[in-house]
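# Below are the sequence and a predicted model for it; my questions follow.
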Amino acid sequence: MSMDKSFDARAAEARISAEWERANAFAAGANASRTETFTVMIPPPNVTGSLHIGHAFNNTLQDILVRWHRMRGFDTLWQPGQDHAGIATQMVVERRMADAGEPDRRQIGRDSFVQKIWDWKRESGDTIINQLKRLGASCDWSRNAFTMSGAPGAPAGEEGNFHDAVIRVFVDLYNKGIIYRGKRLVNWDPHFETAISDLEVENREVPGHMWHFRYPLADGETYEYVERDAEGRVTLRETRDYIAIATTRPETMLGDGAVAVHPSDERYAPIVGKLCEIPVGPKEHRRLIPIIADDYPDPDFGSGAVKITGAHDFNDYGVAMRNGIPLYALMDGRGAMRADGLSHADSAEIATRAARGEDVGDVSNVNLVPEDLRGLDRYDARRRVIEAITAEGLAVTLLHKEIDPETGAEHLERRPLIEDKPIMQPFGDRSGVVIEPMLTDQWFVDTARIVGPALEAVRDGRTRILPEQHRKVYFNWLENIEPWTISRQLWWGHQIPVWYGLDLGVADFADDGDGALDEVEMFGLLVDGLVHAGERQRCAADFEAVRKLFRDDIAGLPQPLEVSRVVEVADRDAAIDLLARSLADYGLSQDPTHLLYPVWRDPDVLDTWFSSGLWPIGTLGWPDKTPEMERYFPTDVLVTGFDIIFFWVARMMMMQLEVAGDVPFHTVYVHGLVRDEKGAKMSKSKGNVIDPLSLIDEYGADALRMTLTGMAAMGRDPKLGPKHVEGARNFVTKIWNASRFAQMNGVRGGVARPDSQHTVNRWIIGEVARIRIATDEALASYRFNDAANGLYAFVWGKVCDWYVEFAKPLFDGEDAGETRATMGWVLDQCYLMLHPIMPFVTEELWALTGERATMLVHGDWPTCGAELIDEAADRQMNWVIALIEAVRSARAQMGVPAGARLDLIVTEADAAARAALAANAPLIERLARVNPPADGVAGKGMIAVAAPGASFALPIGDLIDVAAETTRLQKALARSGKDADGLRKRLANPKFVENAEAEVIEETREKLAALEDDLARLHAALAQLAAL
RNA sequence: GGGCGGUUAGCUCAGCGGUAGAGCACUACGUUGACAUCGUAGUGGCCACUGGUUCGAUCCCAGUACCGCCCA
């Protein structure tokens, strides 16, 4: 069968993929011939995802490692799977429902909504899997995992264990006290109405404003305000009845709990401890807040005084906590001003008492938003607040001078001081809306308690992070780790396995001491107690388990409550309602079996990264003791981008060490971010996104993979343009055509390495050994670019440019048989070594060029070593190559027509040169386009060519231009002369001879000798030219 | 403000103690038994700057300038 002129990637890729799949070629352990395992966990793409260039890069590198190990006989597992991606997926499905005009998720309810997501996943969830297959990713697809598998409501086909693992870990960490619930200030996304973690917040600098307002002192008090310069001289002294503050967020003034100044700030020392008035809100309920001293305010920034809104700013929160300032929440989940809770009048009254130092208890019901602002969006509220303060004359103003252009009259006006200034603003990385710090009940992982082993493991090298610079990033983050907010107010995710029940054991409603509730006591509980009852929380893997825990709890309650049946209801309201009805029922029936104790489950789900943090063990069947867990854990290499070192790598380290007692992987290879050809980050808004699939369509998957691999220098961001991919595609064509040439000349692959005798064959066999060693070294040290570029240069620059050309004349001679066998073997080694990088074209060539026992995917990685390098053959071929290049260069420079065949006159040659010439004459004749070499002398109309140990003359007759030839030789002379001078100078330096390594000195001497030989020949040629 | 990178041919980047390489682009020539998705020969670099260490520095160290990224 004859081969086409180029590789039809599109047709072949689909066919070859199908063959791999049919043969189960990627199954864990396929092609294993030794006991060592090699395991890679894919960074699970989002189930909503589609392949972007970063995935293509990431998975190409993983695939190279995996295919390389599989070919070397390791028991190899590349574990694929997908992440359920809480927010992203919920967003996609909600949008689809909206687009289809369907009722929204709140209308259809949680269970139906989750079902809809599962339906969606069945329809379109494997998009990215199919795209990864197109890239050639050799994952064990039969093991494809999903971070929500096994969750309640999961359909058939999704019965994996992942949910069990997640819940198991939550319960475990809960019981150890590492997971806890608390009311804290968290990052709140007003679009998705959920808490998010610090990492999901993107701080960006945006244009903003700084407003300056006066907070009048209470009761008309005044003080001497004194400003001094650096030398302590007074620059300003005035009597003030206010304190000026600057803010970028005026709407939060409504919830201020204090004004803070630095303790060392003498300007405000007289008024620390006094009260001032917030200059906004209904006049009759103006609120007073204390002026406090705290280290947080920077005396040199703004006025040096800072308003403290503990419930809406992280810095203020810290100040408030330190100083016992109440936290007044102003906004609801959508970022609108609160409309719930007490009236403003009542709220202001409570807050004022608090400001005077009274203990006012829980203030969550206090709503300090004036009635006219309630329900307004936060930005509308901001405008209104600014207008009101300005109208009242309490904005700090500046005198503004304007000169009338016509009359020249000066016009003075006081205008509010509003500074335009860039501010850092937090945005939700998914929603893109401004994040609001919000005081809410959330679940946290006390990461400080589990971070130690994760730090230790990297410090002592049990897990290596490459390139090393990322170790510092890892340490820096983990050493300053904050608690991790893991609860999300979403529906798609692992629901937190905590249930709540009313605490009926509080003293107020306990019985009178006889261990049983009489009717009066029961009535008290029914009427008043339930509403005020606190909650107890219990954590267990499922309802059955948690029911037992609650039964133990209520066993201690007075009769007859202690026999109540534990039942699950939707929420607290439902629980109160049901408990009341059950008590009422009991009141009538006196039948204790009618008594119910309702409990409700925490509605929140876990942060997606909590489950993906368990990816290494969850995919291997943990918490069951599976053979896979036994065999493949800890895994070997994690290949990932630096952007998820914190999100994912650090958390996997912490979690695996905590629950499985070992590191999740031995090596983390961190690659760069693929940028566009100008080095810009790819983004939809910039429109510079490169779609890997269209590149695959146009150039083939191998070309894309080769390009990305060639650019994968450690620690650098690859910059990708279509030109690069085109170059790699050309390389595919190149090796294809070299194979085609071989086939046309009767070369077959699948042969054992022949014991070749001809220098050319011995030379190329040695070159194969060299590149094999270099490729293994490069891959072993994750220098993917070196592996790719080395193979590229070898195949193109050695095999195609020289070996194939040398073989052409050999095919006509007595060495034809040996040369065919050698070429077959050489090309096989190329296919084998290129296969991890370019799996498709190599698999295709493998099949087309010989009888094969297995597909190339299961080929045996070459092991040929340095013993195959024949130094003599090497020297000789390098001499031949040098001569050919010298002749070509001379010809081209002298303008000899490419087709013209010249005589090659040997004017001088040493024994080695003569031997090389004799052994390779046909090659030289052909490639240099010269007639068989013959001894002679240089003469008129000849140009000179030198090679180590030999000089030649090429008669070009009338073509010669003496001046041009002189110039050419002088140019060469100058070049070599300069090099030789440098070397001579170095050798003349006694310090060099004393200090440099012997090897280096020897090398330098050899180099100089060669150059001097060169120079002598050039001089001779020039002399001759001049003589004629 | 803290941390981490980068600065090498026109462009994109390798190299990281012995005086510089690749691909692309460019110029000239060229269809010779596979390949024009090609071949041959060229052009092109004070390796950002200033000091230091060294026999020797693009490479190591310190500083400067500019450009990125991450965290506040």
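Right, received. Where do you want to start? Numbering: from 1, shown residues only, chains lettered A, B, ... in the order given.

# When you work out contacts or count neighbours from here on, use the C-alpha atoms and nothing else.
Will do.

# Report pLDDT for the residue of the stretch 901-1028 of chain A found nearest RNA strand B.
Nearest residue of the stretch 901-1028 of chain A to RNA strand B (CA to the nearest atom of the strand) works out as residue A:992 at 3.5 Å. Confidence at residue A:992, expressed as pLDDT, is 88.

# Contacts only, for it.
residue A:986 (CA atoms under 8 Å, 6 or more residues apart in numbering).

# Would you verify that it is located in a strand?
No. Counting by DSSP: H, G, I helix; E, B strand; the rest coil, residue A:992 is not part of a strand but helix.

# now it: how far from residue A:459?
Separation of residue A:992 from residue A:459 (CA to CA, to the nearest Å) stands at 41 Å.

# Now for residue A:40, how many residues are close by?
24 (other CA atoms under 10 Å).

# Quick one: check the longest strand belonging to chain A for contact with RNA strand B.
Identified as the longest strand of chain A according to DSSP state E is strand A:201-216. Yes. Residues of strand A:201-216 contacting RNA strand B under CA under 7 Å from any atom of the strand: A:202, A:203.

# what does stretch A:861-879 give?
No. Legend: contact between stretch A:861-879 and RNA strand B by CA under 7 Å from any atom of the strand is lacking; minimum distance shown is 12.9 Å.

# So residue A:327 is in contact with residue A:257, correct?
Yes. If you go by CA atoms under 8 Å, residue A:327 and residue A:257 touch, sitting 7.0 Å apart.

# List the residues that are in contact with both of the two.
What both residue A:327 and residue A:257 touch, as defined by CA under 8 Å, 6+ apart, is the set A:309, A:310, A:320.

# Show the contacting residues for residue A:703.
Applying CA under 8 Å, 6+ apart, the residues contacting residue A:703 are A:696, A:725, A:726, A:727, A:728, A:729, A:731, A:732, A:838.

# no wait, residue A:566
So residue A:566 contacts A:547, A:550, A:551, A:596, A:597, A:598, A:599 (CA under 8 Å, 6+ apart).

# if we can go back for a sec, with neighbour numbers in mind, choose between residue A:327 and residue A:257.
residue A:257 (29 against 24).

# list the contacts for that one?
A:289, A:290, A:307, A:308, A:309, A:310, A:320, A:325, A:326, A:327, A:328, A:355.

# Could you pull up phi and psi at the first one?
Backbone torsions of residue A:289, given as degrees, to the nearest 10, read phi -130, psi 150.

# how near is it to residue A:855?
79 Å.

# Give me the more crowded residue out of these two.
Between residue A:289 and residue A:855, residue A:289 has the larger neighbour count (other CA under 10 Å), namely 28 against 15.

# you'd agree that one is up against residue A:278?
Yes. Using CA under 8 Å, residue A:289 is in contact with residue A:278, at 7.3 Å.

# anything in contact with each of those two?
Both residue A:289 and residue A:278 are contacted by residue A:256, under the criterion CA under 8 Å, 6+ apart.

# Show the end-to-end separation of stretch A:225-245, please.
The first-to-last residue distance of stretch A:225-245 comes to 14 Å (CA to CA).

# Report the buried residues of it.
A:225, A:240, A:241, A:242, A:243, A:244, A:245 (16 or more other CA atoms under 10 Å).

# Stretch A:191-200 now?
A:191, A:192, A:194, A:195, A:196, A:197, A:198, A:200.

# For the last one, which non-adjacent residue is spatially closest?
Counting by CA to CA, 6 or more residues apart in numbering, residue A:429 is the residue found nearest to residue A:200 once chain neighbours are left out, at 5.5 Å.

# how much space between the one you found and residue A:691?
22 Å.

# follow-up on the earlier one: give me the subset of the contacts of residue A:566 that lies in strands.
Using DSSP E, the members of these that fall within strands are A:596, A:597, A:598, A:599.

# Leaving out chain neighbours, which residue sits closest to the last one?
Looking back up the chat, that one is residue A:599. Spatial nearest neighbour of residue A:599, excluding adjacent residues (CA to CA, 6+ apart): residue A:501 at 4.5 Å.

# ok, and what's touching the one helix or strand that neighbour maps to?
Element membership for residue A:501 (DSSP states H and E) is strand A:498-502. Strand A:498-502 has contacts (CA under 8 Å, 6+ apart) with A:530, A:533-540, A:546, A:550, A:572, A:575-576, A:597-602.

# The residues you listed, buried ones only, as a PyMOL selection?
Command for PyMOL that selects the buried part of the contacts of strand A:498-502, burial taken from 16+ other CA under 10 Å:
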select buried, chain A and resi 530+533+537+538+539+540+546+550+572+575+576+597+598+599+600+601+602
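
# list the contacts for residue A:719?
Contacts of residue A:719 by CA under 8 Å, 6+ apart are A:674, A:675, A:676, A:677, A:678, A:679, A:711.

# filter those down to the ones close to RNA strand B.
Of those, the ones that also sit near RNA strand B (CA under 7 Å from any atom of the strand) are A:677, A:678, A:679, A:711.

# Beta-bridge partners for the residue lying closest to the third one once chain neighbours are set aside, please?
Read it as residue A:679. In space, and not counting its chain neighbours, residue A:679 is closest to residue A:719: 5.7 Å by CA to CA, 6+ apart. Bridge pairing for residue A:719 (DSSP bridges) gives the partners residue A:675.

# Which pLDDT value belongs to residue A:719?
For residue A:719, pLDDT reads 83.

# and whichever strand or helix holds residue A:827, does that touch RNA strand B?
Residue A:827 belongs to helix A:816-834 when assigned by DSSP H and E. No. Using CA under 7 Å from any atom of the strand, we find that helix A:816-834 stays clear of RNA strand B, coming within 9.7 Å at best.

# sorry, back to before: which members of the contacts of strand A:498-502 occur in strands, if any?
Taking DSSP E, the ones among these that sit in strands are A:535, A:536, A:537, A:538, A:539, A:597, A:598, A:599, A:600, A:601.

# mind giving me CSV with those residues and columns for pLDDT and distance to RNA strand B?
Below are the ones in strands among the contacts of strand A:498-502 laid out as CSV (pLDDT from 0 to 100; distance: CA to the nearest atom of the strand, whole Å):
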residue, pLDDT, distance to RNA strand B
A:535, 85, 33
A:536, 88, 33
A:537, 91, 31
A:538, 92, 32
A:539, 92, 31
A:597, 89, 43
A:598, 90, 41
A:599, 90, 37
A:600, 92, 34
A:601, 94, 32
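
# what residue ranges in the stretch 901-1028 of chain A are flagged as low confidence?
A:958-959, A:1028 (pLDDT under 70).

# same check, this time on chain A
Using pLDDT under 70, the flagged stretches of chain A are A:1, A:505-531, A:958-959, A:1028.

# per-domain residue ranges of it.
A:208-417, A:498-601, A:701-869, A:902-1027 (automatic domain parsing).

# count of residues packed around residue A:331?
Neighbour tally, residue A:331, other CA under 10 Å: 28.

# and the gap between it and residue A:368?
10 Å.

# and the contacts of residue A:257, which of them are in helices?
A:320, A:355 (DSSP state H).

# Also within reach of RNA strand B: list those from the contacts of residue A:257.
Subset of the contacts of residue A:257 in contact with RNA strand B: empty, counting by CA under 7 Å from any atom of the strand.
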